[in-house]
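S.K.: model this:
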Amino acid sequence: MLSESYTLPKFSLNQMKIFLQIILLFTLIGTACANSARWSDAIHKHVSAYSHPYEDPFLSSLRGACRTLGTDYSNMSVPVHNWEAQTTKLHSGSFPTKVALQTNEHGFAVKAPILVYIPGSFTNLSASQAKRWMWEHTSRNYHVIIVPNPWGTEFINRKPKQPIGNVEAEAATLYEGIRNIISKIKDLGADNGKIRLSGVSSGGYLAAVMMALDAENKNPLFNMSANTYSVPYNIYDSILALDGMIDEVSPEYANLSYASLIRKYKGLCGLKHPNDIEDQHLRDSKILVTMVAFHREIIRSVNLYDKIAGTNKIPDRGWGVISSKYREWKRNFRFRTYFENFAPDVKKLLQSEKGRIFYWINRAGQAGSPGVNILTTDDDFLNTPGIWPKAKNIVILKDGGHYGFRHLEWFSSFIDKAYMPNRELIFQLFYGDSTIPMRPTKRRNENSSEKLQSSEFRDIFKYGIF
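M.R.: Below is the predicted model of the structure:
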């Protein structure tokens with residue numbers, strides 16, 4: 001047989017670059033499709049480095065409140081605007097939002113991905129949680145839209161047409177308003193085609209509901225998986241768990257003065273090492289988290305709802321703590337009291353399959369949604385230990401309580417990995433320096449040792465714990 005020599009075709013450097021770009025593009029697209037509704041391998045690897053200095057779920061949850069993360073809206077890297085989200089589902093016709101747009105040197109909005117964030121229960125736009133997530137994503141060059149949580153007084157003031165707690169109606173209300181805001185951003189020519197939803201606690205649950213509603217819409221918005229944190233697995237079970245905690249600690253809380261609570265809070269934030277923990281610290285943590293983060297907040301929200309909705313079910317509401325009848329009502333009030341007396345239909349809804357997060361995740365998936373990712377802990381007191389299944393879209397930390405990992409340097413690195421998608425590399429290859437950078441432009445000085453000066457303690461009685 002005669003041997004034949006084969007000569008490889010010659011490519012110019014530019015042709016070779018384009019060829020490699022095409023291979024990389026299809027590789028990354030395939031990876032992105034395969035990774036739909038899952039945390040990346042980098043995230044799962046990062047979990048192995050997780051360590052929380054405090055193993056108690058209430059103490060870890062409280063320690064996350066000791067430090068104020070983020071900054072005021074006026075100090076963000078880009079201007080933050082107050083936009084009204086139009087919706088037909090509120091008697092007022094709209095609800096407030098905070099919107100931050102990436103701009104060029106001339107102040108005009110530029111194309112960037114959009115991040116929509118729903119904060120946890122009772123959280124208004126002025127809370128540190130909302131500001132923290134605005135900071136995290138504006139610094140990563142996202143356009144950011146933050147909405148109020150429907151259990152917060154800011155939302156209730158806009159006169160909902162449904163009782164608070166109706167997750168389906170609330171998600172539909174937020175979704176309609178968010179579509180209105182995003183249409184404005186698109187009108188500015190500032191949408192680069194990538195829109196992601198995120199949420200914490202009940203805000204994460206609403207994000208899962210919204211992903212289902214969006215996927216069933218003929219013109220869906222969200223083309224990236226939603227990232228959620230510390231979400232309830234079963235909302236009504238979480239309500240019963242909270243009421244059990246309130247039943248347990250409320251007698252002790254009733255005998256504590258405001259000054260005593262402040263001392264306990266500062267003492268817990270001042271702990272310098274896990275070896276310094278005493279039994280009383282653990283008890284104080286449970287009392288503060290239960291009564292300040294949850295019981296105190298639902299009392300405030302239901303008071304406003306009773307006034308706004310005109311139900312007038314609270315005795316001597318106008319007199320407040322001056323009235324013995326009001327004090328007795330407040331002392332005996334529980335989450336279940338609200339659902340039984342104010343919203344029995346909502347109670348039925350939450351006891352149905354719609355009160356379980358996988359109903360909405362599965363419904364979203366069946367409609368072609370990019371899916372929902374979950375970061376949670378196995379000792380979150382809102383959920384039953386061991387209840388979460390093992391899956392690529394679920395990261396389960398062994399401890400950290402309810403969103404008690406939020407102040408750790410580990411979580412800042414987690415956010416870096418969770419919100420820098422592969423498309424950054426594609427954009428840089430094709431557009432060079434003209435691409436919008438996705439890396440943080442500046443970092444907050446975070447002390448992983450958790451040591452604090454007394455002047456740095458956040459006022460949880462004014463701004464809440466979460």
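
S.K.: Flag the shaky bits of the chain, pLDDT-wise.
M.R.: 1-37, 68-70, 421-466 (pLDDT under 70).

S.K.: need the longest strand for it.
M.R.: strand 191-200 (DSSP state E).

S.K.: Name the residues of that one that come out as buried.
M.R.: Using 16 or more other Cβ atoms under 10 Å as the test for burial, strand 191-200 gives Asp191, Asn192, Lys194, Ile195, Arg196, Leu197, Ser198, Gly199, Val200. The way it works is simple: take the backbone N, C-alpha and C, and place the C-beta from them, glycine included.

S.K.: now the angle between strand 191-200 and the helix or strand following that strand, please.
M.R.: Using DSSP states H and E, the helix or strand that directly follows strand 191-200 along the chain is helix 202-215. With axes from the mean of the first three to the mean of the last three Cα atoms, to 10 degrees as the basis, helix 202-215 and strand 191-200 are set at 140 degrees to each other.

S.K.: Run the chain-centre distance for helix 202-215.
M.R.: Averaged C-alpha coordinates place helix 202-215 at 11 Å from its chain's average position (Cα atoms, centre = their mean, to the nearest Å).

S.K.: Which strands or helices does it pack on?
M.R.: strand 112-118, helix 167-187, strand 191-200, strand 226-229, helix 357-366, strand 372-377 (3 or more Cβ pairs under 8 Å, 6 or more residues apart in numbering; DSSP states H and E).

S.K.: And the closest residue to Ile178 other than its chain neighbours, how close does it get to Trp133?
M.R.: Leaving out its chain neighbours, the residue that sits closest to Ile178 by Cβ to Cβ, 6 or more residues apart in numbering is Val116, at 5.6 Å. With distances taken as Cβ to Cβ, to the nearest Å, Val116 is found 10 Å from Trp133.

S.K.: Pull up the overlap in contacts between these two.
M.R.: Jointly contacting Val116 and Trp133 under the rule Cβ atoms under 8 Å, 6 or more residues apart in numbering are Val144, Ile146, Ser198.

S.K.: and the gap between the first one and Leu125?
M.R.: Computed as Cβ to Cβ, the Val144 to Leu125 distance reads 12 Å.

S.K.: what residues do those two have in common as contacts?
M.R.: Here Val144 and Leu125 share the contacting residues Lys98, scored by Cβ under 8 Å, 6+ apart.

S.K.: More neighbours: those two, which one.
M.R.: Val144 (29 against 23; other Cβ atoms under 10 Å).

S.K.: Could you give the secondary structure assignment for that one?
M.R.: strand (DSSP: H, G, I helix; E, B strand; the rest coil).

S.K.: same check, this time on Pro96
M.R.: Pro96 ends up strand, using three-state DSSP.

S.K.: so it sits right up against Leu125, yeah?
M.R.: Yes - counting by Cβ atoms under 8 Å, Leu125 is a contact partner of Pro96 at 6.2 Å.

S.K.: before we move on, the earlier item: any chance of the shared contacts of Val116 and Trp133 in a markdown table, with distance to Trp360 too?
M.R.: Shown next, in a markdown table, are the shared contacts of Val116 and Trp133 (distance: Cβ to Cβ, whole Å):
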| residue | distance to Trp360 |
| --- | --- |
| Val144 | 24 |
| Ile146 | 21 |
| Ser198 | 15 |
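
S.K.: Relative to the longest strand of the chain, what are the paired strands and their orientations?
M.R.: Based on DSSP bridges, the pairing partners of strand 191-200 within the sheet are strand 112-118 (parallel), strand 226-229 (parallel).

S.K.: mind putting the ones you listed in CSV, mean neighbour count and distance to Tyr359 included?
M.R.: Below are the strands paired with strand 191-200 laid out as CSV (neighbours: other Cβ atoms under 10 Å; distance: least, Cβ to Cβ, whole Å):
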stretch, mean neighbour count, distance to Tyr359
strand 112-118, 26, 18
strand 226-229, 26, 15
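
S.K.: mind checking which of those strands is nearest Ala343?
M.R.: Ranking the strands paired with strand 191-200 by proximity to Ala343 (Cβ to Cβ) places strand 112-118 first, at 20.4 Å.

S.K.: Now do the closest one and helix 167-187, the angle between them.
M.R.: Here the directions of strand 112-118 and helix 167-187 differ by 160 degrees (the same axes, to 10 degrees).

S.K.: Outside of strand 112-118 itself, list whatever touches it.
M.R.: 101-102, 130, 133-134, 137, 141-147, 149, 174, 178, 182, 185, 190-192, 194-200, 203-204, 206-207, 210, 224, 419, 436.

S.K.: Run the chain-centre distance for that strand.
M.R.: Distance, centroid of strand 112-118 to centroid of chain: 12 Å (Cα atoms, centre = their mean).
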